[in-house]
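Peer 1: below are the sequence and a predicted model for it; my questions follow.
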Amino acid sequence: MVNPLRWRGHEVSRLEAFSDTVFAFALTLLVVALEVPRDYGKLVDLMKGFPAFACCFALLVWIWSEHNTFFRRFGMQDAYTVALNAALLFVVLLYVYPLKFMFDRLFAGLLKRGDTGEPMQLYQMANASAIYALGCMAVFIVFTLLYHHAYRCRAALELSELEVFDARSGMAHHLVSTSVGLISLLIATVAPLQLTPIAPVAFSFLWPVHWAMGVQSRKRRDALVARLAQTTAPEAPTS
């Protein structure tokens, strides 16, 4: 029977523990940015900010989950991996407030909140969208490089055929995310200003694209697992 998933990192390493601390600190920054309401009106405004906070929280948890999956799956601790991991954590911390700013602005318009300052001009929205797109691209480029590094070291890691498939699939998924960020960046920097509001909306395509890729990837992976199971199954005794 083929083991469909082998975890190479069984114990939390110092690198992972440090990374978990940084992710926890990033989540703390989201909470610290919220002021304690002093009256009922402030309380209502604070609760209106819940959707933006929830989106930021979900995205950070998603990034942490991708990070955890990589290190559980491949358990790499070499200098190049440490450098890439440090770059990822740097971007996560740097972009906590831009992330919150973008979602606050998004839901401010939808929920008619009046505590987010003056409405942005189109050129300001374009600049903010470009900053956000660059941050997202940086995160997914690092993930792509991590999976590429695991694939490149497949012989040293003694990766199975299934694990090689997972490494290549991880690269493909994160390259798609990077491409969506690039599209958003181009809309924000190259397209006419009238199209600027489309730039942040472009990230909504991440979910259906990843869903479609996930369906195809699971089918190919299941087929590979079935084929490997057949090749390793013991032959039936002959009478």
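Peer 2: It's in. Numbering: from 1, shown residues only.
Peer 1: lowest mean pLDDT among the helices and strands, pick that one out for the chain.
Peer 2: For the chain, counting by mean pLDDT, DSSP states H and E, helix 40-48 ranks last in confidence among helices and strands (a mean of 74).
Peer 1: buried set for it?
Peer 2: 45, 48 (16 or more other Cβ atoms under 10 Å). All C-beta spots, glycine's among them, are computed from the backbone N, C-alpha and C.
Peer 1: immediately after that helix, which helix or strand?
Peer 2: Using DSSP states H and E, the helix or strand that follows helix 40-48 in sequence is helix 50-74.
Peer 1: who touches that following helix?
Peer 2: Helix 50-74 is contacted by residues 5-9, 13, 15-16, 19-20, 23, 26-27, 30, 34, 85, 88, 92, 96, 99-100, 103-104, 106-107, 111, 139, 143, 146-147, 150, 157, 163, 166-167, 170, 174 when judged by Cβ atoms under 8 Å, 6 or more residues apart in numbering.
Peer 1: how about 7 Å then?
Peer 2: Identification of contacts with helix 50-74 by Cβ atoms under 7 Å, 6 or more residues apart in numbering yields 7-9, 16, 19, 23, 26-27, 30, 88, 92, 99-100, 103-104, 106-107, 139, 143, 146-147, 150, 157, 166.
Peer 1: can you flag the buried ones in those?
Peer 2: By 16+ other Cβ under 10 Å, the contacts of helix 50-74 give 9, 16, 19, 23, 26-27, 30, 88, 92, 99-100, 103-104, 107, 139, 143, 146-147, 150, 157, 166 as buried.
Peer 1: take those and keep only those in helices.
Peer 2: Of the positions in the buried ones among the contacts of helix 50-74, 16, 19, 23, 26-27, 30, 88, 92, 99-100, 103-104, 107, 139, 143, 146-147, 150, 157, 166 sit in helices, assigned by DSSP state H.
Peer 1: quick one, what contacts Phe23?
Peer 2: Phe23 sits in contact with 60, 64, 92, where contact means Cβ under 7 Å, 6+ apart.
Peer 1: can we see that at 8 Å?
Peer 2: Contacts of Phe23 (Cβ under 8 Å, 6+ apart): 60, 63-64, 67, 89, 92.
Peer 1: how distant is the least confident helix or strand of the chain from the center of its chain?
Peer 2: Its chain's C-alpha centre and that of helix 40-48 lie 30 Å apart, by Cα atoms, centre = their mean, to the nearest Å.
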